[in-house]
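Trainee: Here's a sequence, model it:
(one chain, ligands or ions: 1)
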Amino acid sequence: MGSVITAEGLTKAFGATVALRDLTLEVQPGEVFGYLGPNGAGKTTTLRLIMGLIRPTTGSVSVLGMDAWRDAVPIHARVGYVPGELVLYDRLTGYDHVDYLAALRGGTRPARVDQLAEQLDLDLRRPARELSRGNRQKVALVLALMTEPELLVLDEPTGGLDPMVQRTVQGLILDHAAGGGAVLLSSHVLGEVQRVASRIGVLRAGRLVAVERLDDLRAKSLHHVEVQFAEAVPAGILDPVPDLRDVTVDGSSLRCSAPQSSLDAVLKVVSAHPVVDFACAEAELEETFLAYYGAGETDAA
Ligand SMILES: Nc1ncnc2c1ncn2[C@@H]1O[C@H](COP(=O)(O)OP(=O)(O)OP(=O)(O)O)[C@@H](O)[C@H]1O
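Mentor: Predicted coordinates:
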């Protein structure tokens, strides 16, 4: 089977604002693609283009082999979508929403709906106006997942959910992918996607600036190294070691951040001098991610 999502040269401008510029991307069956970028980077715009809710300025995007804009109706029957800004009908209950959308999408299994509601600890009998933000988000997730779609398009789906429910949602996403479904999961933080995504794409100012397998990012994970020597060491002691960040050599103290691939070289340099104390700790993946793709780097729009 081919790609579930194929974007080619996808561009969207709103007047003078180019929200998305020349996006080329493929998402495969069984893959969870984490779509990362700061607020305003163009994530929601991309997801709305994929759902055929807005029309590309240039370029195209196909979903399940169909054109996202022209074939939006048949695509919607096969895709579960959690929008960034959810609209529910205040007077309707969760079940009313389920019935309404199930009719549009050609039915759902009631047992599946109840199982999802139970997993998410959601009461579908209550009208939407009585629901907290988190519970409204759970309704959106039930609506997206209940028809067992081939693709899930999720716009920051765990916003407003407590950590335990976030875990449940991550479990649902992983189950979906294990069954061969594809997922496009947007977020502004790596932490939200790192447990589930196999690949991540980084969007900045409307441009996809990196696509990387999560395993490759882990291999680059930064380690914070701190060394206390018995005597002062030369200031340029670490100059021969590649890819270091935040190097400080101050008399007999040394600090740096090193990717895993440079650790051996750091150790060899350090061990040539008498060492009093040594510490090395792996940074959170989010910190590694920010070091490579964070706000420090700027992009001309
Ligand atoms: N309908 C619109 N009309 C005009 N400008 C828009 C419209 N929708 C989005 N934009 C602009 O396009 C850019 C990208 O917005 P988008 O909502 O896609 O970003 P995002 O990455 O989803 O951010 P957030 O996480 O804040 O939702 C922003 O500059 C935004 O102001």
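Trainee: make it CA atoms for all contacts and neighbour counts henceforth
Mentor: OK.
Trainee: what packs against the host helix or strand of Val227?
Mentor: Per DSSP states H and E, Val227 falls inside strand 222-229. Applying 3 or more Cα pairs under 8 Å, 6 or more residues apart in numbering; DSSP states H and E, one finds that strand 222-229 contacts strand 253-259, strand 275-282, helix 285-293.
Trainee: which residues sit against that strand?
Mentor: With Cα atoms under 8 Å, 6 or more residues apart in numbering as the contact definition, strand 222-229 has outside contacts at 252-260, 263, 270, 273-283, 285, 287-288.
Trainee: Could I have the buried ones of those as PyMOL selection syntax?
Mentor: Per 16 or more other Cα atoms under 10 Å, the buried members of those correspond to this PyMOL selection:
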select buried, resi 252+253+254+255+256+257+258+259+263+270+282+285+288
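Trainee: all helices for this structure, in order.
Mentor: Assigned by DSSP state H, the chain shows helices spanning 43-50, 72-76, 94-104, 110-120, 133-145, 163-178, 190-193, 214-219, 263-270, 285-293.
Trainee: Out of those helices, which gets nearest to the ligand?
Mentor: helix 43-50 (3.4 Å; Cα to the nearest ligand atom).
Trainee: Not counting sequence-adjacent ones, nearest residue to Thr6?
Mentor: What sits nearest to Thr6 in space, not counting adjacent residues and going by Cα to Cα, 6 or more residues apart in numbering, is Glu26, at 4.6 Å.
Trainee: Can you give me the distance of the one you found to the ligand?
Mentor: Per Cα to the nearest ligand atom, to the nearest Å, Glu26 is found 19 Å from the ligand.
Trainee: again with Val225
Mentor: Distance, Val225 to the ligand, by Cα to the nearest ligand atom: 34 Å.
Trainee: Share the number of residues neighbouring Glu192, please.
Mentor: By other Cα atoms under 10 Å, the residues close to Glu192 number 22.
Trainee: What residues does this protein have near the ligand?
Mentor: 14, 19, 37-45 (Cα under 6 Å from any ligand atom).
Trainee: Kindly format the C-alpha coordinates of the strand holding Val227 as CSV.
Mentor: C-alpha atoms of strand 222-229 as CSV (Å, rounded to 0.1, in the frame of the first residue of the first chain):
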residue,chain,number,x,y,z
LEU,A,222,23.3,15.4,24.8
HIS,A,223,25.2,14.5,27.9
HIS,A,224,26.2,17.1,30.5
VAL,A,225,29.8,16.6,31.5
GLU,A,226,31.4,18.3,34.5
VAL,A,227,35.0,17.7,35.5
GLN,A,228,37.1,19.0,38.4
PHE,A,229,40.9,18.6,37.8
